[in-house]
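A.B. asks: turn this into a model:
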Amino acid sequence: MAGVLEGKVALITGAGRGIGKVLAERLARDGAAIVANYAASASGAEEVVAAIEQAGGRAIAVKADITSFDQVKAMFARIDEAFGRLDIVVNCAGVSAGGALADVDEAQVDWLIGVNVKGPLFVASEASKRLADGGRIINFASVMAEYPMAGTGIYTACKMAVKGMTESWAKELGKRGITVNTVTPGPTAPGMMDSCPPGYREHFEKKSPFGRIGTAGEVAEVVAFLASPAASWVSGTHILAHGAAIPD
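C.D. replies: Prediction:
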């Protein structure tokens, strides 16, 4: 599996399902050894590892709830033990929920902030102590952070926070040659669209001039570029991968 990432180690959070699962196999094809993080999707993460190993690559699955700093630290200790280095971090894990402003649920707010904001922060904090010079941090936002929809206030705020952290970390880590960027996907399958109510997919297909939603593979190609040496001068930016779809 020799490629542009040969000799590199990449951590992908949320690698047991959706975009994260596709992305892990994509970076492995470029030669990276993969740490497939998962919180609950153990079978999915193991499938990723098996597929990568069958193709001649290296991969391990590591369970960690990224909302827990202690579990994140334990995950990085496992990475230290298995590989002794880290070059690429993709904060792909995320959750989505919405509702009317008058119906705010505190537990739901804490859950959204925990996974979508605290999680990437905890992961990046530990990664910053280990990333090789010239490394990569790639965060995931959402098209909702560009075009907010009614009923998505907390989710939108979380993804706007990710964009802010990206720009701050890019300035902090740039002196080490580490790039930090955000990928901002629109409706994608497999991905969060899989759990949307009936009719959502058709609604969003009509919002793109392509007449469809994106695929996880298409988003993975954007991440593969940002992880590659070709993106060494791209940092502190947000790349939309949404097929020109503007939700309303």
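
A.B. asks: where does the protein dip in pLDDT?
C.D. replies: Applying pLDDT under 70 to the chain flags the ranges 1-2, 190-200, 203, 247-248.

A.B. asks: go with 90
C.D. replies: Using pLDDT under 90 as the threshold, the predicted model of the chain has low-confidence ranges 1-2, 41, 96-99, 143-153, 186-214, 241-248.

A.B. asks: in it, where's the longest strand?
C.D. replies: Of all the segments assigned as strand in the chain under DSSP state E, the longest by residue count is strand 131-140.

A.B. asks: neighbouring strands - and their directions - for it?
C.D. replies: Paired with strand 131-140 in the same sheet, following DSSP bridges, are strand 86-91 (parallel), strand 179-185 (parallel).

A.B. asks: after that strand, which helix or strand is next? Please name it.
C.D. replies: Counting by DSSP states H and E, the element after strand 131-140 in chain order, helix or strand, is helix 153-173.

A.B. asks: now that next one against strand 86-91, angle please.
C.D. replies: For helix 153-173 and strand 86-91, the angle between their directions (axes from the mean of the first three to the mean of the last three CA atoms, to 10 degrees) works out to 160 degrees.

A.B. asks: can you give me the buried ones in helix 153-173?
C.D. replies: In terms of neighbour count (16 or more other CB atoms under 10 Å), helix 153-173 has its buried residues at 153-163, 165-167, 169-170, 173. No exception for glycine: its C-beta is placed from N, CA and C like everyone else's.

A.B. asks: can you tell me how far the spatially closest residue to residue 73 that is not a sequence neighbour sits from residue 134?
C.D. replies: By the measure of CB to CB, 6 or more residues apart in numbering, the closest residue to residue 73 outside its immediate chain neighbours is residue 126, 6.1 Å from it. Remark: distance between residue 126 and residue 134 (CB to CB, to the nearest Å) = 18 Å.

A.B. asks: again, but for residue 5
C.D. replies: 12 Å.

A.B. asks: common neighbours of these two, please.
C.D. replies: Jointly contacting residue 5 and residue 134 under the rule CB atoms under 8 Å, 6 or more residues apart in numbering are residue 87.

A.B. asks: isn't there a strand covering residue 207?
C.D. replies: No: the assignment for residue 207 by DSSP: H, G, I helix; E, B strand; the rest coil gives coil, which leaves it out of any strand.

A.B. asks: what residues are up against the residue minimising distance to the centre of the chain?
C.D. replies: What sits nearest the mean C-alpha location of the chain, by CA atoms, centre = their mean, is residue 92, with 1.6 Å. By CB under 8 Å, 6+ apart, the contact set of residue 92 is 12-15, 19-20, 23, 140.

A.B. asks: TSV for the residues you listed, including secondary structure and neighbour count?
C.D. replies: Supplementary listing: these in TSV, determined by DSSP: H, G, I helix; E, B strand; the rest coil; neighbours: other CB atoms under 10 Å:
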residue	secondary structure	neighbour count
12	strand	33
13	coil	27
14	coil	28
15	coil	32
19	helix	31
20	helix	30
23	helix	31
140	strand	24
